[in-house]
Every structure is written in C-alpha cells, then in structure tokens.
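Student: I need the structure of the sequence given here:
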Amino acid sequence: MLLTLLPLAGFAEDLDMSRFTALNINYGAIALPNVNVAAGTPTYTVNEDYEVSTVYYEDEALTISHPVADLPTQGSGQYWLKITGKGTYSGQNYPLSFWIIGTSISTATIADVYTINSVTYTGTAFEPKPTVTFNNGIEDITLQEGVHFTYSYESNKNVGTAKIIVNGKGNYSGVAEKTFTIVKADFAPAMVTNAPTAIDGLEYDGTSQVLVEDGTVNVPADNDGVKFKYSFNGTDWYFANDAELKKIDAGSYPMTWKVSGGTNYNDYTPASGNAITGAISKAMLIARAQDITTYYGKNLTATTDVQIVYEDFQGNTLSNTEVNAIFDGTTYKAPVPSFDSKIGSTQPYNADTYTDGIKLTGGNAKNYEVINVNATLIINPAKLRLTLMQDKTAAYGTDASKENSWQLKITDLYDDTSNPNGALKLEYQSGATEYTQVTDQTKVNVSSMNSEQC
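Tutor: Numbers count the residues shown, from 1 in each chain. Just a heads-up that it's a prediction; the model follows:
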C-alpha cells in the first residue's frame, strides 16, 4: 500500500536558497537579472514552487522597492530581488542579492572636438570641452562631467597629435580617448625683429671664424628651434655656428638667409632683402730681408746667406706664406720662418754697395697684405794669394814673356779654392822695371794684378 505524507497544515517547507543565484547586470541595464537554480533535490520549478518579484529592492529587508523602469538610472552597487515560495513553499519570502556593475566608458563617444579635427598652432594650449555620450543598448545617454567622467589633455600645445583623455567616474570605469591634430603655423615676416648682419672687422688670424651675427625673432618662449639659417649656394643651409659656415681664409663670402621654423612654424624665406656678405680681411705682414756682406766672386750658398724675417703684426704663427727673393736675376721662394734656399752661381756684380740689392716681392696674397722691406747687398773686393809655381831660368837675350815663361797659382783666402790664372790679367816686374825680355839672371817678383776686384 502506497502511503503519501503531506505537510501539516500551517507548516510550509523552506526553499534551499543556497541553490539560487541572480546574475549581475551592467550599469544602464533595462531589465532585471536572470535567476538561476542549481540542480538538486528537490527540483524547483519557477511559478510552481517559487516566483521572482518584478521589482527590485534597495535593502535586504525588502522594504524599499523600485520599478524596473528606474533600473537604468540606478547607481552601481548591491540590490535585491524577492523570491516568494509557492505551493508547498508558499508563504515564505527570501531576499536574493545581485550587483549593478559600473560600465566601462571605453565605448563612449566623444563628440568631435573640432570641425575638421585639426587646428593651427597659436602658442597657447588647446583645451576643448568634450561632449561624452554612452549608448545603453536603447538610446544614447549624455554623461555628466564630474558625475560620470573627468577629463584631461596631453600634448595639446605644440604641433603634433593632441589627446583628450576621458576617465570614467561613479557608475563608469575605464578610459576613453579622442585625438586631434595641431598643424604648423606660417611664420609672419613681422616676427623678424632684427635681421642677420655680417660681423665687421674680421681679419685673418689662421683660425676658423664666424661670419654672421644672428638676427632675433619674436615667437613664444618654447620655440627654441626657430633659428636663422644661411647658405652660400641656396641649396645647403647651416646655422651660424656650424663648422660649414665658418671660414679661415681672407675673402668675401656672399650668402642668403632664411628662418627655420622649427617644430611649430613653416620655414620662412623673404622675397628680397635677405642677402648679406661676410668678409675676412687680409692680415698685415712685414717681410724683411736681412742685409748681406760678401766678397767678389763668392757664391751665396749657405742657409745663413739670405734670410727673410717675418714680422706679423698680430703675433700669430704663420704657415704656407711665401715671399719671393730676387737675386742674380733669379726668383727664389722664401719659406717661413727664414729663407733657406741656396742662391745660385757667381754673382755678376762688381765689388760695391748695392742698396736694395736683395729685393722682396709678392707674398701670400690670399691671407696677407705683405709689406716687403728690401736689403742692402755689400760686395767687398776678393782677397787672393798669388804664388809662382816655379823658379824660372832664362838665357840672356831670350824671350821671357809671362805667357811663355811663368806659371802662377791663385788661391782664394776665403775658401782656399785654386784658380790657376783664371780670367785675371797679370803683370809682373822686378823693382820698377817691367820685363818682357830677361837681360840678366834676375829674381822676378809678382807684385800686382790688373783687376779692380782684388
């Protein structure tokens, strides 16, 4: 026999609420959360064993209720549904909690900040106020600054990509971003307050020198990149202190200038009036030849024979400078610091004093204005030793002319070089009598030479 037990009247069974869960919903949702019941015994069937309230509650005691229509405007947090038992479980009410979770603002729309999303650099920061909307699945909701979001800027002053950063607040979390572009401004001619000029008074000194004095511009303080640039050929451009724009040698250096706009401005090239000429003048230099004293017939071959001393007014070390020494009809190069080339053959000068006998001319016209100071050449008579090579005996009445009878050795007392006879015309005599015929056994003394040079 089958025996069925029924609950006593007035004693309803309790629902096992540990098997009930309500799903969390996102902020802005328009429907109550679904309720799940875990499998187990007994089996609970909705609307037979229990029912779910069509409203939700602010408190676990289920005393403050809200209709579903209020749900999209409710803040994030914990809320409750009411589960009511039916049938065997009738008469019992149970709170079942769920959470409204803050929605990520990353899907929000930030209205166009500017009509074409780009602006031109002005020197001040761009701070547009964003309009933020969020679609909750039914409609776009305009979010409130300070309630639903805050915002900040990044890179919003200089040329480049600027950014508005929207941070969720309250029922919204996460970040949304909007970018806009800042483009370069044209450089206005009036921004040039002083045009560049050539530096005056530059003189060659063997070092690299800056040719121009930079001009000035009136731009916002953070525009260090706005500078003048210069070119010798209109193609290659350099700043004033670049090595390529500095020069060493004396000369004129025509150039043009323009303004490099740097980060925030377009380059500016004037239509006219931007030509300048840098210049380095030649340095003054004295080339002074030293006076020379020599004697007739001597070759000037020693390094000390001819010296040129350079007197640099600026006291700088000289290099690659040549002054020409004119001597004996030949031009000799005079390297710094002294003339050390050998002067050539026997001089065609007679013994005498020659003012400006050594003349200087020329010089390195590239970098120096050379003042040449000539030197005096003094040629003294030569000193020779004359020696009969041998005694001579002639028979009385024979021809004893010098050409046939005598040999004479001529010795240079300065360098001891022999020059027998040479080109000198010799006369000989005994006492006061000149002999052409020997009349008696007589010793012949050579006493003079018919030459003005000895």
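
Student: What are the buried residues along stretch 145-155?
Tutor: Across stretch 145-155, burial judged by 16 or more other CB atoms under 10 Å covers 148-149, 151. Just so you know, the C-beta spots here come from the backbone N, C-alpha and C atoms, and that holds for glycine as well.

Student: swap that for stretch 71-85, sorry
Tutor: Buried residues in stretch 71-85, defined by neighbour count with 16+ other CB under 10 Å: 71-72, 74, 76, 79-83, 85.

Student: Of those residues, which is the nearest to residue 182?
Tutor: Nearest to residue 182 among the buried residues of stretch 71-85 is residue 76, at 37.2 Å by CB to CB.

Student: can you redo the buried residues of stretch 71-85 as JSON lines with pLDDT, secondary structure and distance to residue 107?
Tutor: Below are these laid out as JSON lines (pLDDT from 0 to 100; DSSP: H, G, I helix; E, B strand; the rest coil; distance: CB to CB, whole Å):
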{"residue": "71", "pLDDT": "86", "secondary structure": "helix", "distance to residue 107": "19"}
{"residue": "72", "pLDDT": "79", "secondary structure": "helix", "distance to residue 107": "16"}
{"residue": "74", "pLDDT": "80", "secondary structure": "coil", "distance to residue 107": "20"}
{"residue": "76", "pLDDT": "80", "secondary structure": "coil", "distance to residue 107": "16"}
{"residue": "79", "pLDDT": "95", "secondary structure": "strand", "distance to residue 107": "24"}
{"residue": "80", "pLDDT": "96", "secondary structure": "strand", "distance to residue 107": "28"}
{"residue": "81", "pLDDT": "96", "secondary structure": "strand", "distance to residue 107": "28"}
{"residue": "82", "pLDDT": "96", "secondary structure": "strand", "distance to residue 107": "33"}
{"residue": "83", "pLDDT": "95", "secondary structure": "strand", "distance to residue 107": "33"}
{"residue": "85", "pLDDT": "94", "secondary structure": "strand", "distance to residue 107": "41"}
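
Student: What is the nearest of these to residue 230?
Tutor: Residue 230 lies nearest to residue 76 out of the buried residues of stretch 71-85, by CB to CB, at 64.7 Å.

Student: who touches that closest one in this structure?
Tutor: Contact partners of residue 76, counting by CB atoms under 8 Å, 6 or more residues apart in numbering, are 27, 99-102, 170-171.

Student: what about it, distance to residue 68?
Tutor: 17 Å (CB to CB, to the nearest Å).

Student: ok, now residue 155?
Tutor: Applying CB to CB to residue 155 and residue 68 gives a distance of 45 Å.

Student: Please apply the same query to residue 204.
Tutor: From residue 204 to residue 68 the distance is 95 Å (CB to CB).

Student: same check, this time on residue 215
Tutor: Applying CB to CB, the value for residue 215 to residue 68 is 74 Å.

Student: same thing with residue 249?
Tutor: Distance, residue 249 to residue 68, by CB to CB: 92 Å.

Student: any low-confidence regions in the stretch 251-400 of the chain?
Tutor: Within the stretch 251-400 of the chain, the ranges that satisfy pLDDT under 70 run 289, 295-366, 382-400.

Student: Which parts of the helix or strand residue 255 falls within count as buried, going by neighbours?
Tutor: Assessed by DSSP states H and E, residue 255 sits inside strand 251-260. Burial within strand 251-260, assessed by neighbour count using 16+ other CB under 10 Å, is assigned to 253, 255-260.

Student: Give me the next element, helix or strand, following that strand.
Tutor: Strand 251-260 is succeeded, C-terminally, by strand 275-280 (DSSP H and E).

Student: Neighbouring strands of that following strand in the sheet, and parallel or not?
Tutor: Strand pairing for strand 275-280, using DSSP bridges, gives strand 251-260 (antiparallel).

Student: that older thread, so which of the buried residues of stretch 145-155 belong to strands?
Tutor: Using DSSP state E, the subset of the buried residues of stretch 145-155 located in strands is 149, 151.

Student: Next, format the buried residues of stretch 145-155 as JSON lines and append distance to residue 378 and pLDDT.
Tutor: Formatted as JSON lines, the buried residues of stretch 145-155 follow (distance: CB to CB, whole Å; pLDDT from 0 to 100):
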{"residue": "148", "distance to residue 378": "110", "pLDDT": "90"}
{"residue": "149", "distance to residue 378": "105", "pLDDT": "93"}
{"residue": "151", "distance to residue 378": "99", "pLDDT": "95"}
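
Student: care to break this structure down by domain?
Tutor: The chain resolves into domains spanning 17-101, 105-183, 189-281, 284-380, 384-449 when parsed by automatic domain parsing.
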